[in-house]
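no sequence for this one, just the structure:
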Ligand SMILES: C[S@@+](CC[C@H](N)C(=O)[O-])C[C@H]1O[C@@H](n2cnc3c(N)ncnc32)[C@H](O)[C@@H]1O
């Protein structure tokens with residue numbers, strides 16, 4: 001049997017990516033690094049994901065800030081040398097790229113720069129492959145310059161960079177989950193043909209065998225099988241959603257009281273106005289009025305201090321509408 005390829009997982013979290021590599025059978029982990037942060041407000045070490053990684057993969061990740069930790073520090077922590085590393089995995093946080101976070105339409109989150117750290121590690125270790133997974137906005141979104149900078153540096157280092165966007169339901173995940181996949185190969189060209197499933201897997205296919213639970217209960221046989229303690233309107237809403245692919249968009253007018261409102265505060269809207277593009281075209285008042293006009297025609301209501309819209313709007317969608325309101329309204 002050929003020797004296993006050795007990988008290091010940066011931003012290793014609970015080890016999702018590492019587990020995929022291990023399950024494939026030809027790889028072994030020789031290092032992993034994660035600072036165990038979710039929201040910056042929760043602080044360092046808040047997620048305990050290094051415990052999870054250790055339990056799943058049998059290797060204790062280094063708890064370190066990858067914004068400042070050097071490749072040498074990681075290598076000496078685990079006792080490997082640069083030539084040991086065949087594959088570098090680097091899945092930096094996606095929160096600052098995702099369009100689902102409305103502030104990402106305005107601000108380039110400081111954490112987005114972590115994407116480019118993969119190039120520093122690739123330069124130091126020269127792995128045969130660099131593998132990155134992130135939200136689709138890494139390749140297509142407003143802050144894609146971080147990927148472009150990484151691409152440029154990897155190309156200068158001699159890597160061929162393959163980058164595609166995929167919906168993971170095409171590969172058997174029981175969820176529509178659209179992700180960027182980037183694989184860079186040193187000294188050679190790279191193209192990946194991924195095997196697709198013939199039939200999409202449903203959530204029922206995946207977990208339908210588990211016994212039904214009451215709201216708030218946990219299975220005695222399996223503590224991971226647990227049901228959120230939904231009450232009142234939340235529970236009613238859940239019951240009202242049609243089975244087999246339904247969503248809150250399917251709720252009827254009679255069930256409108258069960259729809260969940262998405263609220264967006266005036267300060268958030270005014271943040272938009274502050275972006276240079278918007279400010280050049282309109283005053284803050286005109287901007288608010290125009291936003292209101294647009295939303296009013298689209299099943300949204302104006303409330304004290306907030307714009308509120310029922311599904312099918314998401315916050316990100318509201319933001320897009322507001323931006324459109326400015327560009328076409330004057
Ligand atoms: C998207 S998750 C990675 C998921 C992982 N690849 C998997 O497959 O399970 C991003 C991880 O980056 C970590 N992280 C965020 N900022 C970091 C930093 N400055 N240094 C090191 N790790 C960081 C977080 O703790 C989080 O676990």
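Looks like it arrived, so ask away. Please read all numbers here as calculations on a predicted model, not as lab measurements. Numbers count the residues shown, from 1 in each chain.

burial count for the closest residue to the ligand within the stretch 201-330 of the chain?
Across the stretch 201-330 of the chain, no residue is closer to the ligand than residue 224, which sits at 16.3 Å (Cβ to the nearest ligand atom). Glycine gets a C-beta too; all of them are placed from N, C-alpha and C. Residue 224: 7 surrounding residues under other Cβ atoms under 10 Å.

need the contact list for it.
By Cβ atoms under 8 Å, 6 or more residues apart in numbering, the contact set of residue 224 is empty.

same question, the one 5 residues further on
By Cβ under 8 Å, 6+ apart, the residues touching residue 229 are 215, 216.

All the strands of the stretch 201-330 of the chain, residue numbers only.
Using DSSP state E, counting those that start in this stretch, the strands of the stretch 201-330 of the chain run over 262-265, 300-303, 306-309.

mean confidence score for the first one?
In other words, strand 262-265. Confidence for strand 262-265, expressed as mean pLDDT, is 55.

Please apply the same query to the last one.
Looking at strand 306-309 alone, the average pLDDT works out to 49.

In space, what's closest to residue 219 - neighbours in sequence excluded?
residue 225 (3.9 Å; Cβ to Cβ, 6 or more residues apart in numbering).

residues near that neighbour, how many?
Count around residue 225 with other Cβ under 10 Å applied: 14.

Kindly report the same for the one 3 residues further on.
The number of residues packed near residue 228 is 10, by other Cβ under 10 Å.

again with residue 235
Residue 235: 14 neighbours (other Cβ under 10 Å).

Kindly report the same for residue 159.
Counted with other Cβ under 10 Å, residue 159 comes out at 24.

residues touching it, list them.
Contacts of residue 159 (Cβ under 8 Å, 6+ apart): 122, 130, 184, 185, 186.

just residue 19 next, same as before
56, 57.

quick one on the thing from earlier: you'd agree the residue nearest to residue 219 is up against residue 210?
Yes. Between residue 225 and residue 210 there is a contact at 5.3 Å, judged by Cβ atoms under 8 Å.

which one of the contacts of residue 159 sits closest to the ligand?
residue 130 (13.4 Å).

so that closest one sits in a helix?
No. Under the criterion used here (DSSP: H, G, I helix; E, B strand; the rest coil), residue 130 is strand, not part of a helix.

Which residues does the closest residue to it other than its chain neighbours form beta bridges with?
Spatially, and ignoring its direct neighbours in sequence, residue 130 is nearest to residue 184 (4.2 Å; Cβ to Cβ, 6+ apart). Beta-bridge partners for residue 184, by DSSP bridges, are residue 130, residue 161.

what about residue 184, distance to residue 152?
Distance, residue 184 to residue 152, by Cβ to Cβ, to the nearest Å: 12 Å.

what about the two, which has more around it?
Each of residue 184 and residue 152 has its neighbours counted (other Cβ under 10 Å); residue 184 has more, 26 against 13.

List the contacts of that one.
Residue 184 neighbours (Cβ under 8 Å, 6+ apart): 122, 129, 130, 154, 159, 160, 161, 162, 190.

Might one say that the last one is in contact with residue 183?
Yes. Residue 190 is within contact range of residue 183, at 5.8 Å (criterion: Cβ under 8 Å).

any residues in contact with both of the two?
Common neighbours of residue 190 and residue 183 (Cβ under 8 Å, 6+ apart) are 161, 162.

neighbour count winner among these two?
Neighbour count, other Cβ under 10 Å: between residue 190 and residue 183, residue 183 has more, with 19 against 13.
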